[in-house]
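**Q** For reference, the sequence and a predicted model appear below.
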Amino acid sequence: MEAAAGSRIVSQINFNQNSASFRESKSMSTLFNASKISVRSNSNNKTKSIARGLSLNCSVQKDFVGRTFASTGVCNYPSGVIESISHTAEEKIGVILLNLGGPDTLQDVQPFLFNLFADPDIIRLPRMFRFLQRPLAQLISTLRAPKSKEGYAAIGGGSPLRKITNEQANAIKLALEAKEVTASVYVAMRYWHPFTEEAVHQIKRDGITRLVVLPLYPQYSISTTGSSINVLRDMFRSDASLSKLPVAIIQSWYQRQGYINSMADLIEKELETLPTPQETMIFFSAHGVPVSYVENAGDPYRDQMEDCIFLIMQELKSRGVNNDHTLAYQSRVGPVQWLKPYTDEVLVELGRQGVKSLLAVPVSFVSEHIETLEEIDMEYRELALESGIVNWGRVPALNCTSSFIADMADAVIEALPSALAISNPSDTTTSEETDNDLLGYVVKIFFGSIVAFFLLLSLKAASALRKYVI
Ligand SMILES: C=CC1=C(C)c2cc3[nH]c(cc4nc(cc5[nH]c(cc1n2)c(C)c5CCC(=O)O)C(CCC(=O)O)=C4C)c(C)c3C=C
Ligand SMILES: [Fe+2]
């Protein structure tokens, strides 16, 4: 098990990678290409300038499936305790928070689901079938919408994600200010407003000169952080000014001590509300991904999740909390195999084994959302009680917990010096390639439309038949 202290940070390395697989990071020691950053030391409170070209201590870490990351999270500066980083007059720092997004109203549910299923990092079709992506997304979102709508209706008619993420953005901005770093913080949702594209346009308009990318997912998955980074990469590569902007990407941060402590605090506090805290099983429930992501595409999500649980339990043990614990995966969609064990099956099994007290801990996400408020608090609670569990508790999501927000601000400050430009000269496209792309696009649209037409026709026929039969 790995117990690294900082976040996993990469800059241009991952903008140049295919989301399906991590590539080896090239640089062991990265050259600091910042214009100028000022660092105030603890002892004398004087501002020292770190000049262009200073060499960083980039430590290289192996992740659990053997790939190498360049991580600057362990030690960014050559020496000394850093109290704060402030920027020179010409430096404008931006932080972009990556999140999933959720429908604001019930009318938004189907178009939100369409955006989600149209993402090639969510429905991973072989390259030759990519032209089916949008017709398939139309079909699946139409079929899924009624069930999703029921869920969103049960939690007040829409997702709370936009409001909570805006509050987190504001809180991180204030926490940075308290650490003497002035930054603009942007919210970039993958599947609903405010979309990543809107955030990036605002970053351009504001003239940001140094950017930190902070996903609001503690663990990396191809389907979450990877997907959002792909959108950013495409936008930055195709824009001359953005491609020169120094960017640092925090890939995952579940291993940060600040986050681990915040989770342990919440668990400890919630345990005390149950009648028999010591006999309570701590039940970590993570959002699942299809098994093929981990086993075929090299998604580090499961390994990072297991490591995360290990670190939280280690912290709890150091505080004298020695409860039993287990991890299961929730929220599977569609007919494929998802990561096991499944939350619903484990709840039934625990009840059968005689477990009487259980504390559910949502662990893959830091805000309340449909899967905590509806799936855990309603569906799983009911199932657990039916299965023989008597005392049920649920740890709230971190939302704007101050220790967590302060740690996110620290993660940003630690990442700042490692920002590198995205520019990629190998990206030049010839006009012949553009012509071929255009032809391919027209052919795909043509055949895609035909397939979409027949898919929708069969959907209509099926629903007519259902009405007829019933
Ligand atoms: C770490 C978090 C998440 C992973 C991994 C993830 C993968 C993943 N999700 C779907 C399908 C759906 N997800 C939906 C909602 C949703 N998903 C996450 C997080 C992760 N998803 C969040 C935070 C939310 C909730 C947003 C909100 O509005 O509150 C939905 C819509 C809801 C529903 O119908 O259940 C779908 C569908 C897949 C297919 C997938 C991996 C491939
Ligand atoms: Fe999801």
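**A** Alright, I've got the coordinates. Ligands and ions are numbered 1, 2, ... in the order given.
**Q** helix or strand for the nearest residue to D299 once chain neighbours are set aside, which one?
**A** Leaving aside its chain neighbours, D299 sits nearest to Y293 (4.0 Å; criterion: C-beta to C-beta, 6 or more residues apart in numbering). All C-beta atoms are positioned from the backbone trio N, CA, C, and that covers glycine. Assigned by DSSP states H and E, Y293 belongs to helix 291-295.
**Q** and what of L176?
**A** Secondary structure (DSSP H and E) places L176 in helix 161-178.
**Q** Which other helices and strands does that helix contact?
**A** With contacts defined as 3 or more C-beta pairs under 8 Å, 6 or more residues apart in numbering; DSSP states H and E, helix 161-178 has these neighbours: strand 93-99, strand 183-189, helix 402-415.
**Q** my guess is the residue nearest to D299 contacts G226, does it?
**A** No. If you go by C-beta atoms under 8 Å, Y293 and G226 don't touch, sitting 9.6 Å apart.
**Q** overlap in contacts of these two?
**A** D299 (C-beta atoms under 8 Å, 6 or more residues apart in numbering).
**Q** show me what contacts the residue of the stretch 351-470 of the chain found nearest ligand 1?
**A** Scanning the stretch 351-470 of the chain for proximity to ligand 1 using C-beta to the nearest ligand atom identifies H369 as nearest, at 3.1 Å. Counting by C-beta under 8 Å, 6+ apart, H369 makes contact with 102, 159-161, 397.
**Q** Backbone dihedrals for it, please?
**A** phi -160, psi -180 (degrees, to the nearest 10).
**Q** For it, give me the pLDDT.
**A** Looking at H369, its pLDDT is 98.
**Q** ok, now R302?
**A** At R302, the pLDDT value in this model is 98.
**Q** how many other residues sit next to it?
**A** Burial measure for R302: 22 neighbouring residues, criterion other C-beta atoms under 10 Å.
**Q** For the helix or strand it falls within, name the packing helices and strands.
**A** Using DSSP H and E, R302 falls within helix 301-318. Applying 3+ C-beta pairs under 8 Å, 6+ apart, one finds that helix 301-318 contacts helix 257-271, strand 281-287, helix 291-295, strand 325-330.
**Q** got the contact list for E315?
**A** Residues counted as contacts of E315 (C-beta under 8 Å, 6+ apart) are 260-261, 263-264.
**Q** Who wins on neighbours among those residues?
**A** For those, the largest number of neighbours (other C-beta under 10 Å) sits with M263, at 27 neighbours.
**Q** Just give the closest residue to that one, not the sequence neighbours.
**A** That would be I312: by C-beta to C-beta, 6+ apart, it lies 5.1 Å from M263.
**Q** For the one you found, which residues are in contact?
**A** I312 sits next to 260, 263-264, 267, 284, 363 when contact means C-beta under 8 Å, 6+ apart.
**Q** Which other helices and strands does whichever strand or helix holds P135 contact?
**A** Per DSSP H and E: P135 is located in helix 133-154. Counting contacts by 3+ C-beta pairs under 8 Å, 6+ apart, helix 133-154 packs against helix 109-117, helix 431-469.
**Q** Comparing those by mean pLDDT, which bottoms out?
**A** Across these, helix 431-469 has the smallest mean pLDDT, namely a mean of 54.
**Q** ok, which residues in the stretch 251-400 of the chain are in contact with ligand 1?
**A** Contact residues, the stretch 251-400 of the chain versus ligand 1 (C-beta under 6 Å from any ligand atom): 287, 289-290, 333, 364-365, 369-371.
**Q** who wins for neighbours among those?
**A** Among those, H287 has the most neighbours (other C-beta under 10 Å), with 26 neighbours.
**Q** I'd like to know which residues of the stretch 101-250 of the chain are adjacent to ligand 1.
**A** 102, 113, 116, 122, 144, 148, 159, 161, 217, 221, 223-224.
**Q** Now the phi/psi pair for whichever residue of the chain sits closest to ligand 1, please.
**A** The chain approaches ligand 1 most closely through G102 (2.2 Å), counting by C-beta to the nearest ligand atom. Here is the backbone geometry of G102 (degrees, to the nearest 10): phi -150, psi 160.
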